[in-house]
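Q: Could you work out the structure for the sequence below:
(one chain, ligands or ions: 1)
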Amino acid sequence: MAATELMEKIVSLAKRRGFIYPSAEIYGGFRSTYDYGPLGAAMLRNVKGSWWRETVERRRDVVGIEASILSSPRIWEASGHLKNFTDPLVDCRSCKERWRADHIDGVCPNCGSTDLTEARAFNMMFRTFVGPVEDDASVAYLRPETAQGMFVNFANVLQTSRKKPPFGIAQMGKSFRNEITPGNFVFRTREFEQMEMEFFVPPEEAAKWFQYWYETRLAWYVNHGIAPEMLRLRHHDPDELSHYSAATVDIEFLFPWGWGELEGIANRTDFDLKAHQVASGVKLEYFDPTTNMSYTPFVIEPAAGATRAMMAFLIAAYREDEVGNEARVVLGLHPRIAPVQVAILPLMKKSPLVEVAASIFDDLSEFFLCDYDETQSIGRRYRRQDEIGTPVCVTVDYDSLEDASVTLRDRDSTSQIRVKISDLAPTISSQFESYSPKV
Ligand code: ATP
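A: The predicted model follows:
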């Protein structure tokens with residue numbers, strides 16, 4: 001399928017089925033902002049939940065925080081963002097459009113002119129004012145990354161969590177960047193969600209942990225359903241590194257238009273802690289009781305985009321096939337990130353089938369994200385669930401009233417088995433545990 005065709009199909013499915021809508025659509029939309037509908041909100045929560053579970057909850061060496069989005073200019077001055085968080089901006093003298101110089105190869109994508117201005121540094125941070133007075137003293141910034149929240153809370157967390165290096169502080173949440181050219185759907189937006197972790201290590205262990213984290217993070221995408229050949233690692237050249245980084249590797253995904261970054265893993269050295277220590281005057285070191293010495297840990301940072309990852313999962317999962325000579329659209333989403341995990345469908349909208357189905361919904365929704373649908377033919381309902389990536393459907397029919405069993409239908413193979421109602425939850429759980437992607 002051609003790249004543009006695939007993207008059009010995904011954008012249209014996302015809108016039609018309630019994953020992602022253009023924001024303020026009734027007013028004609030608003031500058032590449034998007035809203036997440038019922039299925040999109042559920043899926044985004046699953047992506048983030050899965051990251052949090054594996055990066056924080058299932059580890060003894062990582063703790064989580066939630067820092068504020070409105071942030072002090074002193075943070076961004078110390079971190080170098082006020083000076084360095086810029087993209088090269090060029091103006092087209094012919095059509096007056098503005099572009100990111102490193103994205104366009106010297107030719108205006110709008111009108112084809114090569115009459116462009118010199119590139120100048122454009123700071124991408126959103127500035128606002130806190131309180132009723134709009135003056136220099138009340139300036140604040142919307143954070144352009146979540147990472148600084150971990151650095152400025154380093155001493156607090158160290159003290160209260162009693163962790164010692166190697167250990168990490170993680171955070172998920174919104175970040176804001178005044179991107180010059182947002183685009184490619186939610187790949188690049190000005191408001192987006194990040195999932196970041198700062199892993200503090202003794203300096204001599206930095207190289208080892210750098211490799212550990214990029215391997216661990218690459219495996220996360222594969223374990224959540226992206227085929228390994230759709231992913232690659234790209235090590236940055238020295239001249240490409242951010243102002244804080246000694247080494248960076250990107251995890252890239254093969255988007256319909258080519259390879260694009262999903263996540264960057266960087267060795268940020270002791271740059272941030274030292275910078276904040278100097279600027280704040282507060283000691284940001286770790287005192288090692290075994291050596292009686294203090295040192296500034298190095299930081300390995302896996303920094304991922306949640307909204308961008310969700311889009312990659314949608315693209316990787318999209319396929320069209322045929323069932324019984326009928327074309328169908330399927331999202332082969334991993335059960336862990338599917339917005340609906342189990343759909344419960346009474347064969348007919350009739351008593352007592354609907355009551356039995358409703359009671360199954362009540363039981364299963366304790367463990368899984370469930371949907372209940374009693375409209376239209378069963379075939380149409382299966383297609384609808386396939387299209388949103390629901391891994392299994394439970395159908396309640398007249399035999400169910402006799403044998404207390406239901407049909408469990410698998411999205412990928414469309415095969416159906418009979419399962420006792422009392423065995424449903426463990427059966428579905430074990431299917432999800434052993435799930436392997438078929439995309
Ligand atoms: P890019 O080169 O694409 O601008 P970056 O290298 O500046 O990204 P990082 O600062 O490393 O990105 O941010 C970590 C992650 O946050 C990225 O890998 C991406 O998944 C996500 N991200 C960054 N900017 C955006 C954006 N404008 N929209 C959506 N996600 C973003």
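Q: Would you mark the buried spots in the helix or strand hosting residue 121?
A: Element membership of residue 121, judged by DSSP states H and E, is strand 120-123. Within strand 120-123, the residues scored as buried using 16 or more other C-beta atoms under 10 Å are 122-123. C-beta coordinates here come from the backbone N, C-alpha and C atoms, glycine included.
Q: Okay, now the sheet partners of it, with direction.
A: Strand 120-123 pairs in its sheet with strand 86-91 (antiparallel), by DSSP bridges.
Q: what pLDDT, on average, does the partner strand get?
A: For strand 86-91, mean pLDDT rounds to 93.
Q: Find the residue closest to residue 169 in space, skipping its chain neighbours.
A: In space, and not counting its chain neighbours, residue 169 is closest to residue 150: 4.2 Å by C-beta to C-beta, 6 or more residues apart in numbering.
Q: Now do that neighbour against residue 412, distance only.
A: Separation of residue 150 from residue 412 (C-beta to C-beta, to the nearest Å): 39 Å.
Q: which one of these two has more residues nearby?
A: A direct count of neighbours by other C-beta atoms under 10 Å for residue 150 and residue 412 places residue 150 higher, at 26 against 17.
Q: Can you pull the phi/psi pair for that one?
A: Here is the backbone geometry of residue 150 (degrees, to the nearest 10): phi -80, psi -40.
Q: Nearest to the ligand: which residue in the stretch 101-250 of the chain?
A: Proximity of the stretch 101-250 of the chain to the ligand (C-beta to the nearest ligand atom) peaks at residue 192, 3.5 Å away.
Q: beta partners for that residue?
A: Beta-bridge partners of residue 192, as defined by DSSP bridges: residue 175.
Q: Is it in contact with residue 308, as I believe?
A: Yes. If you go by C-beta atoms under 8 Å, residue 192 and residue 308 touch, sitting 7.0 Å apart.
Q: what do those two both touch?
A: Jointly contacting residue 192 and residue 308 under the rule C-beta atoms under 8 Å, 6 or more residues apart in numbering are residue 186.
Q: if you count what's nearby, which of the two comes out ahead?
A: Legend: neighbour count by other C-beta under 10 Å for residue 192 and residue 308, higher for residue 308 (25 against 19).
Q: got the contact list for that one?
A: With contact taken as C-beta under 8 Å, 6+ apart, residue 308 is in contact with 186-187, 192, 261-262.
Q: Can you list phi and psi of it for me?
A: Dihedral pair for residue 308: phi -70, psi -40, per degrees, to the nearest 10.
Q: Check it and give its pLDDT.
A: Looking at residue 308, its pLDDT reads 98.
Q: next one: the one 3 residues further on
A: On the pLDDT scale, residue 311 is placed at 98.
Q: for residue 371, same thing?
A: At residue 371, pLDDT is 98.
Q: can you check the one 4 residues further on too?
A: We have a pLDDT of 95 for residue 375.
Q: what's the neighbour count on it?
A: By other C-beta under 10 Å, 9 other residues sit near residue 375.
Q: ok now do it, which residues does it touch?
A: Residue 375 makes contact with 349, 381 under the criterion C-beta under 8 Å, 6+ apart.
Q: what about it, which SS state?
A: Here residue 375 is coil, with the state taken from DSSP: H, G, I helix; E, B strand; the rest coil.
Q: can the helix or strand of the chain with the lowest mean pLDDT be found next to the ligand?
A: Taking mean pLDDT, DSSP states H and E as the measure, the chain has helix 101-104 as its least confident helix or strand, at a mean of 91. No. Helix 101-104 is not in contact with the ligand by C-beta under 6 Å from any ligand atom; minimum separation 9.3 Å.
Q: tell me which strands and helices that helix is in contact with?
A: strand 86-91 (3 or more C-beta pairs under 8 Å, 6 or more residues apart in numbering; DSSP states H and E).
Q: List the buried residues of the strand it packs on.
A: In strand 86-91, counting by 16+ other C-beta under 10 Å, buried: 87, 89-91.
Q: so can I have a markdown table of these showing distance to residue 253?
A: Converted to a markdown table, the buried residues of strand 86-91 look like this (distance: C-beta to C-beta, whole Å):
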| residue | distance to residue 253 |
| --- | --- |
| 87 | 22 |
| 89 | 27 |
| 90 | 28 |
| 91 | 32 |
